[in-house]
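1. Okay, sequence plus prediction incoming.
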Amino acid sequence: MKAATTRTLRAFAIELAIYAVLVVGYFFLVLHFLGGWLYQLEIHHRYTYAGVAILLIIGQAVVLENVTTLLLRIIRGRSE
Amino acid sequence: MFFPISNSHISPIYLAVVGFLIGVLGGFFGVGGSFIAGPALRAMGVDWNFAVGTDLAHIVGKSVVAAKRHRALGNVDLKLGLIMALGTIGGAECGAQLIQMLKRAGNVNLVVSVVSIAVYLSISTFMIWESRKTLISKKGRLPRGKVTGAKTKQDPSAFSHVTRAIQRLKIWPMIELPASGVRGISLWIILLVAFVGGLFSGFLGGGAGYIRMPSMVYVLGIPTHLAVGTDLFEIIISASYGTFSHAIKGNVDILIALVMHTGAAIGAQIGAISTQYFAGPKIRLAFVPLPLIGAAIVIYTLMTGHKL
């Protein structure tokens, strides 16, 4: 039981570290380039901005969910 | 990091950590977590209108992740979620109109504060009583281990006699919810529960998961795990509507929501997976502090005049 918990925690720590690297890359690449465009869109085209905002948050959710599921499968698959 | 849309400087790590905490709560309890996100954004100097709209956008993303995970665990009733979304949107619009009426009457703050304190305290008191009574009784003690598959449907409640009486009300049209194990219930009762949740959402702000999740369990008779998952699915639709509505009014900074969501995505999965290890009455008992935190925030605001 104790060994299983240690294995799960180690897998979770590796998963979190990989995820953190991916997220930092995401901050600097995607958000940096999107920031100016979204700001202009919010000022000049409110309805388009509203639609794009929902698509972005749902799109990010689907992508991140798939990334974490994949990480979970790879790391836990190897450790267990 | 500078966020030009809301004209604010906030650390992305702070946003990701706040998102993570809300994600865990949302994945486990099926709530939006606006009672934490709103004050957390306000504390960083984000204007109140941006805090409300941005929080809703972040709730959409977090609910997508948590609902997907709950769906994989068999905890989402799509039919029920779609019906409830209709009632919630209608209720939210009526709640917003009610707020406008009270604004015109000039006593909106006092009325909203008193109503919300009464609602939060009533929910907490009732849930402490019910979940403790269920856990003490024999049927409340489910076997240890993961709560999956058929075991998930066995969700004893000390309030089940009232739930059964509600399910026996034959008000046409009656519908069946096989995914939730409900053989027959009036469509109007489902819409009424969703409408009341939406009404409180429009009236008090946030997603009102603290009302909808317990209502689904106690009024509709949905097992707790399914109520959590279905509530999250329903929140995707109603919060998307709210996000769109706020975005066209200039109240959404989507960049903040995207950064917050990076933390929430992993938190929501942890919360959703954790529900497997707890029986329904234990989840309901653990839910009790959430409305109490909401009540404490309102009491603080009422006494000090500072909106958190």
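-> Looks like it came in fine. The structure displayed is predicted, hence computed values, not measured ones.
2. Flag the shaky bits of chain A, pLDDT-wise.
-> A:1-2, A:4, A:76-80 (pLDDT under 70).
3. Locate the residue nearest the centre of chain A within the secondary structure: which element?
-> Nearest to the mean C-alpha position of chain A, by C-alpha atoms, centre = their mean, lies A:Leu64 at 3.8 Å. Using DSSP states H and E, A:Leu64 maps to helix A:46-79.
4. tell me the contacts of whichever residue of the stretch 101-250 of chain B sits closest to chain A?
-> Here the stretch 101-250 of chain B gets closest to chain A at one residue, B:Ala247, 3.5 Å apart by C-beta to the nearest C-beta. From N, CA and C alone the C-beta is placed, and that goes for glycine too. By C-beta atoms under 8 Å, 6 or more residues apart in numbering or on different chains, B:Ala247 lies in contact with A:Arg46, A:Tyr49, A:Ala50, A:Ala53, A:Ile54, B:Gly53, B:Ala57, B:Ile254.
5. Next, give me the two most distant ones among the residues you listed.
-> A:Arg46 and B:Ala57 (14.3 Å; C-beta to C-beta).
6. All the helices of the stretch 101-250 of chain B, residue numbers only.
-> Using DSSP state H, counting those that start in this stretch, the helices of the stretch 101-250 of chain B run over residues B:108-136, B:150-153, B:160-168, B:187-204, B:209-218, B:224-248.
7. what packs against the fourth one?
-> The criterion is 3 or more C-beta pairs under 8 Å, 6 or more residues apart in numbering or on different chains; DSSP states H and E, and the helices and strands that helix B:187-204 contacts are helix B:78-105, helix B:108-136, strand B:174-177, helix B:209-218, helix B:224-248.
8. Can you list the helices and strands that the fourth one packs against?
-> Right, the one you point to is helix B:209-218. So helix B:209-218, by 3+ C-beta pairs under 8 Å, 6+ apart, packs with helix B:12-29, helix B:108-136, helix B:187-204, helix B:224-248, helix B:280-287, helix B:289-304.
9. try the first one
-> Here helix B:78-105 is seen to pack against helix B:108-136, strand B:174-177, helix B:187-204, helix B:224-248 when contacts are counted using 3+ C-beta pairs under 8 Å, 6+ apart.
10. Run the angle between the first one and helix B:280-287 for me.
-> An angle of 140 degrees separates the directions of helix B:108-136 and helix B:280-287 when computed by axes from the mean of the first three to the mean of the last three C-alpha atoms, to 10 degrees.
11. relative to helix B:209-218, how tilted is helix B:108-136?
-> 40 degrees.
12. now the last one
-> Using the same axes, to 10 degrees, the inter-axis angle of helix B:224-248 relative to helix B:209-218 is 150 degrees.
13. what's the first-to-last distance across stretch B:175-186?
-> 6 Å (C-alpha to C-alpha, to the nearest Å).
14. hmm, back to that, adding mean pLDDT, write the helices and strands packed on helix B:187-204 out as CSV.
-> Output for the helices and strands packed on helix B:187-204, formatted as CSV (pLDDT from 0 to 100):
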stretch, mean pLDDT
helix B:78-105, 87
helix B:108-136, 85
strand B:174-177, 91
helix B:209-218, 87
helix B:224-248, 89
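15. need the contact list for residue 16.
-> Picked chain A for this. For A:Leu16, the contact set (C-beta under 8 Å, 6+ apart) comprises B:Ile266.
16. Can you look at chain B instead?
-> So B:Ala16 contacts A:Val23, B:Val259, B:Met260, B:Thr262, B:Gly263 (C-beta under 8 Å, 6+ apart).
17. Which members of those residues are the farthest-apart pair?
-> Between any two of these (C-beta to C-beta), the greatest distance is 11.6 Å, for A:Val23 and B:Met260.
18. Show me which of those two is the more surrounded one.
-> B:Met260 (32 against 18; other C-beta atoms under 10 Å in any protein chain shown).
19. Give the buried residues for stretch B:104-116.
-> B:Val108, B:Val112, B:Ser113, B:Ser116 (16 or more other C-beta atoms under 10 Å in any protein chain shown).
20. near chain A too, which of those residues?
-> Taking C-beta under 8 Å from any C-beta of the partner chain as the test, chain A is in contact with none of these.
21. Specify which member of the residues you listed is nearest to B:His70.
-> B:Ser116 (27.5 Å).
22. List the residues that contact the closest one.
-> Contact analysis of B:Ser116 by C-beta under 8 Å, 6+ apart lists B:Leu204, B:Gly294, B:Ala295, B:Val298.
23. quick one: which of those is most hemmed in?
-> When neighbours are counted by other C-beta under 10 Å, B:Gly294 leads these with 24 neighbours.
24. Confirm for me that that residue is in contact with B:Tyr210.
-> Yes: taking C-beta atoms under 8 Å as the definition, B:Gly294 is a contact partner of B:Tyr210 at 6.5 Å.
25. residues bridging contact with these two, i.e. touching both?
-> B:Tyr120.
26. how many other residues sit next to B:Gly305?
-> 8.
27. ok, now how distant is it from A:Ile43?
-> As judged by C-beta to C-beta, to the nearest Å, B:Gly305 and A:Ile43 stand 33 Å apart.
28. cool, and B:Asn75?
-> For B:Asn75, the distance to A:Ile43 - C-beta to C-beta - is 41 Å.
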